[in-house]
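In: structure, please.
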Amino acid sequence: MAFTGTGALQGQRISVPESSAAPEPGDTTGLPPQVQHALQQSEGELNGQMNAQLQPLADLSPLYIPAPQSLATNPQVIALLQAHAQAAGTCLSHPEIVAYVALGERVVRAIEASVAEDAQTATPTPTRPQVDGMELTPNLEAMRAIAWYVVACAAQQDVNQQAMGTTRKVGEQEITDLTISGSYLLKDPHNALYHFMSSGPLAYSRISTHFNELSEGSPGYLGHADQRGIEDYARRLPGENGTILFDRLKDGENKLIFFKFEYAGVPTLLSGQKVDDRGQGGGSYFEVLQRVWSHATSFISTSLVTTPGVERKEHVYKGLLESAVYRPFLALVQMAAALGRLEEGATVGGHATQSKNQGLPHLERTLRQLEANIKAQPEQTPELAALMADVHALRETIQQAKDQLGAQSSHLGITRRGGETHVDLNPRRVLREPAQESSTQPGRGAALAPGAGLFGAVDDEFDAELIEADIHEELDTGTIDDEFDAELISAAKKDGGA
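Out: From the prediction side, this is the model:
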């Protein structure tokens with residue numbers, strides 16, 4: 001079959017095969033040079049895109065298998081994370097949580113190693129760390145893994161506290177480091193973790209009210225710091241499971257990163273259309289708009305719905321420290337104002353605002369100034385004596401709260417803003433329960449010697465094999481019988497005599 005061309009092909013006879021077979025590439029020699037060049041250029045670009053898309057992705061499955069003596073092999077930590085996920089309504093199985101913690105620890109260690117190797121370079125912040133020669137990319141799976149490893153470290157700190165046989169309290173409320181609603185603050189030398197996470201296609205620019213005065217980012221909308229968000233429309237994150245809010249901070253000489261795992265972020269329609277190198281992470285227009293609406297109305301929902309567990313927020317004016325610290329501070333400032341003992345130009349309202357913006361450092365600084373002011377007065381009246389007693393009492397209350405909040409993290413040397421959780425990415429790992437009396441086992445709460453089993457007498461090799469088989473089952477089928485999984489762990493404990 002043939003027809004006569006028109007337009008640029010006027011007068012040329014064009015043949016079309018009658019069979020259903022794919023046609024062979026056409027002869028373009030008779031076409032104008034500009035058209036030939038355009039066709040060749042388009043063909044080259046298309047082939048380049050197809051070749052790029054067909055590049056084999058690294059097989060991450062070996063990285064989901066827990067390494068010996070890693071946090072993912074600690075059943076006490078994993079049990080806390082399972083309870084955490086269930087309380088937040090996150091649909092992750094036991095093997096999936098284990099897998100994410102295992103991958104997250106490898107990613108964090110690889111980032112640390114890559115920074116150590118490049119510490120002498122001008123920009124020691126590589127964004128593509130490697131594990132066993134495999135280049136890691138900042139895709140959604142890596143982001144989920146980092147998030148679960150961060151909360152696993154917080155869970156390990158709780159296990160360490162339980163090993164001491166004591167509980168921690170602020171006021172009358174018992175506290176833990178693992179929290180569904182709250183902020184996590186940790187050291188990030190050279191901002192390496194921040195750079196890795198923000199270099200991915202799913203990270204977008206956003207603002208929040210969290211840690212603005214410590215942010216190293218440029219000012220954004222209405223003076224708020226330009227921070228970063230990553231949405232997980234499948235809700236497989238810890239905490240409130242919907243989004244990661246994070247930013248790089250500076251605390252004196254410490255470079256920090258903070259995380260908050262929120263129910264919804266504030267993605268743009270453009271950011272919702274982006275996917276990672278595995279085709280994950282995108283959201284429909286409806287999902288994006290739903291996230292923005294949920295975030296905008298969160299102040300209503302949070303006032304009506306109580307989040308399970310302890311709220312570990314960096315704020316002092318609400319949450320954990322409101323009744324124990326913030327309200328007594330405002331009452332004390334009002335008393336000082338009535339006695340004319342506030343510093344020149346200061347007001348009660350100004351102190352309330354600074355308390356919201358700066359947290360405990362402002363409270364402690366104000367109390368020191370009041371103490372010095374009262375001592376400098378030539379006449380010590382009963383009113384001043386009462387004010388001084390209140391100052392001393394509140395300073396002691398604040399110190400007690402800081403001691404309780406930082407019982408497992410004060411060695412990090414991070415300035416405490418409020419009730420946020422400070423996380424050690426390489427936490428001490430101790431036994432929670434007293435081990436059987438044996439010369440080969442450490443006692444209750446004792447630190448483990450290098451090479452010692454992390455969890456008492458459990459056979460690490462046997463336990464690792466069970467967990468590895470469990471993970472492979474999850475990778476192959478996507479599901480696993482939780483009851484059977486529990487029996488595997490129970491068998492591992494019994495085999496080790498734990």
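In: count the residues that sit near the closest residue in space to residue 320 that isn't next to it in sequence.
Out: Leaving aside its chain neighbours, residue 320 sits nearest to residue 419 (3.8 Å; criterion: CB to CB, 6 or more residues apart in numbering). Yep, even glycine has a C-beta here, placed from its N, CA and C like the rest. Using other CB atoms under 10 Å, residue 419 has 28 other residues around it.
In: and residue 419, what does it touch?
Out: When contacts are counted by CB atoms under 8 Å, 6 or more residues apart in numbering, residue 419 touches 170, 175, 182, 311-316, 319-321, 405.
In: what about it, which SS state?
Out: When classified by DSSP: H, G, I helix; E, B strand; the rest coil, residue 419 comes out as coil.
In: quickly find the element holding residue 147.
Out: Assigned by DSSP states H and E, residue 147 belongs to helix 140-163.
In: from what I see, residue 405 and residue 171 are in contact.
Out: No. Residue 405 is not in contact with residue 171 according to CB atoms under 8 Å; the separation is 11.7 Å.
In: the two: which is more packed in?
Out: Taking other CB under 10 Å, residue 405 and residue 171 do not tie; residue 405 has more neighbours (24 against 16).
In: other SSEs contacting the helix or strand residue 365 falls within?
Out: Take DSSP H and E as the rule and residue 365 turns out to sit in helix 360-375. On a contact count with 3 or more CB pairs under 8 Å, 6 or more residues apart in numbering; DSSP states H and E, helix 360-375 meets helix 327-338, helix 348-358, helix 382-405.
In: and the strands in the stretch 51-200 of the chain?
Out: 130-131, 134-135, 168-170, 173-175, 183-187 (DSSP state E, counting those that start in this stretch).
In: which residues touch the third one?
Out: Yep, that's strand 168-170 we're talking about. 161, 174, 175, 176, 320, 321, 324, 401, 404, 405, 407, 419.
In: list buried residues within those residues.
Out: With neighbours counted by 16 or more other CB atoms under 10 Å, the contacts of strand 168-170 contain buried members at 161, 175, 176, 320, 321, 324, 401, 404, 405, 407, 419.
In: quick one: least confident of those?
Out: pLDDT is lowest at residue 320 among the buried ones among the contacts of strand 168-170; the value there is 87.
In: my read is that that residue contacts residue 326, right?
Out: No. Counting by CB under 8 Å, residue 320 stays clear of residue 326, with 10.1 Å between them.
In: so what's in contact with these two at the same time?
Out: Contacts common to residue 320 and residue 326, judged by CB under 8 Å, 6+ apart, are absent.
In: quick one: contacts for the spatially closest residue to residue 233 that is not a sequence neighbour?
Out: Closest residue to residue 233 apart from its sequence neighbours, by CB to CB, 6+ apart: residue 283 at 4.4 Å. Residue 283 makes contact with 231, 233, 267, 272, 291, according to CB under 8 Å, 6+ apart.
In: export those residues as CSV, with columns for pLDDT and secondary structure.
Out: Output for the contacts of residue 283, formatted as CSV (pLDDT from 0 to 100; DSSP: H, G, I helix; E, B strand; the rest coil):
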residue, pLDDT, secondary structure
231, 91, strand
233, 91, coil
267, 79, coil
272, 75, helix
291, 79, helix
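In: and those, which two are furthest apart?
Out: By the measure CB to CB, 233 and 267 form the most distant pair in these, at 9.3 Å.
In: got the CA coordinates for the helix holding residue 365 in CSV?
Out: Listed next in CSV are the C-alpha coordinates belonging to helix 360-375 (Å, rounded to 0.1, in the frame of the first residue of the first chain):
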residue,chain,number,x,y,z
LEU,A,360,15.2,26.3,78.6
PRO,A,361,18.3,28.4,77.9
HIS,A,362,16.2,31.5,78.2
LEU,A,363,14.6,30.4,81.4
GLU,A,364,17.9,29.5,83.0
ARG,A,365,19.5,32.8,81.9
THR,A,366,16.6,34.8,83.3
LEU,A,367,16.7,33.0,86.6
ARG,A,368,20.5,33.7,86.9
GLN,A,369,19.9,37.3,86.2
LEU,A,370,17.1,37.5,88.8
GLU,A,371,19.3,35.9,91.4
ALA,A,372,22.1,38.4,90.8
ASN,A,373,19.7,41.3,90.8
ILE,A,374,18.2,40.2,94.2
LYS,A,375,21.6,39.7,95.8
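In: which outside residues touch stretch 128-147?
Out: 58, 60, 62-63, 100-101, 103-104, 106-108, 110-111, 113-114, 127, 193, 196-200, 202-203, 230, 232, 236-239, 244, 259, 261, 276-278, 280-281.
In: flag every buried residue along it.
Out: 129, 131, 136-147.
In: which one of those is nearest to residue 380?
Out: Nearest to residue 380 among the buried residues of stretch 128-147, with distances taken as CB to CB, is residue 147, at 54.3 Å.
In: check what pLDDT that closest one gets.
Out: Note for residue 147: predicted pLDDT of 97.
In: relative to residue 332, how far out is it?
Out: 39 Å (CB to CB, to the nearest Å).
In: if you look at the contacts of residue 419, which of them are in helices?
Out: Here DSSP state H is the test, and those give residue 405 as lying in helices.
In: just name the closest of the contacts of residue 419 to residue 374, please.
Out: residue 316 (22.9 Å).
In: in the protein, which spans are helices?
Out: Assignment of helices within the chain using DSSP H yields the ranges 33-53, 75-88, 94-117, 140-163, 192-198, 269-272, 285-296, 298-304, 327-338, 348-358, 360-375, 382-405, 460-477, 482-496.
In: where does the stretch 51-200 of the chain dip in pLDDT?
Out: 51-57, 117-127 (pLDDT under 70).
In: ok, back up a step: got the CA coordinates for the helix holding residue 147 in PDB?
Out: As requested, the backbone C-alpha atoms of helix 140-163 are provided in PDB (Å, rounded to 0.1, in the frame of the first residue of the first chain):
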ATOM      1  CA  LEU A 140      12.600   6.500  49.900                       C
ATOM      2  CA  GLU A 141      13.700   3.100  51.200                       C
ATOM      3  CA  ALA A 142      16.900   4.700  52.500                       C
ATOM      4  CA  MET A 143      15.000   7.500  54.200                       C
ATOM      5  CA  ARG A 144      12.600   5.100  55.900                       C
ATOM      6  CA  ALA A 145      15.600   3.000  57.000                       C
ATOM      7  CA  ILE A 146      17.400   6.100  58.500                       C
ATOM      8  CA  ALA A 147      14.200   7.100  60.300                       C
ATOM      9  CA  TRP A 148      13.700   3.600  61.800                       C
ATOM     10  CA  TYR A 149      17.400   3.400  62.900                       C
ATOM     11  CA  VAL A 150      17.100   6.800  64.700                       C
ATOM     12  CA  VAL A 151      14.100   5.600  66.700                       C
ATOM     13  CA  ALA A 152      15.800   2.200  67.300                       C
ATOM     14  CA  CYS A 153      18.700   4.100  68.900                       C
ATOM     15  CA  ALA A 154      16.100   5.800  71.100                       C
ATOM     16  CA  ALA A 155      14.600   2.400  72.000                       C
ATOM     17  CA  GLN A 156      18.100   1.100  72.900                       C
ATOM     18  CA  GLN A 157      18.500   4.100  75.300                       C
ATOM     19  CA  ASP A 158      15.200   3.000  76.900                       C
ATOM     20  CA  VAL A 159      16.500  -0.600  77.200                       C
ATOM     21  CA  ASN A 160      19.600   0.800  78.800                       C
ATOM     22  CA  GLN A 161      17.500   2.700  81.300                       C
ATOM     23  CA  GLN A 162      15.400  -0.300  82.100                       C
ATOM     24  CA  ALA A 163      18.600  -2.300  82.800                       C
END
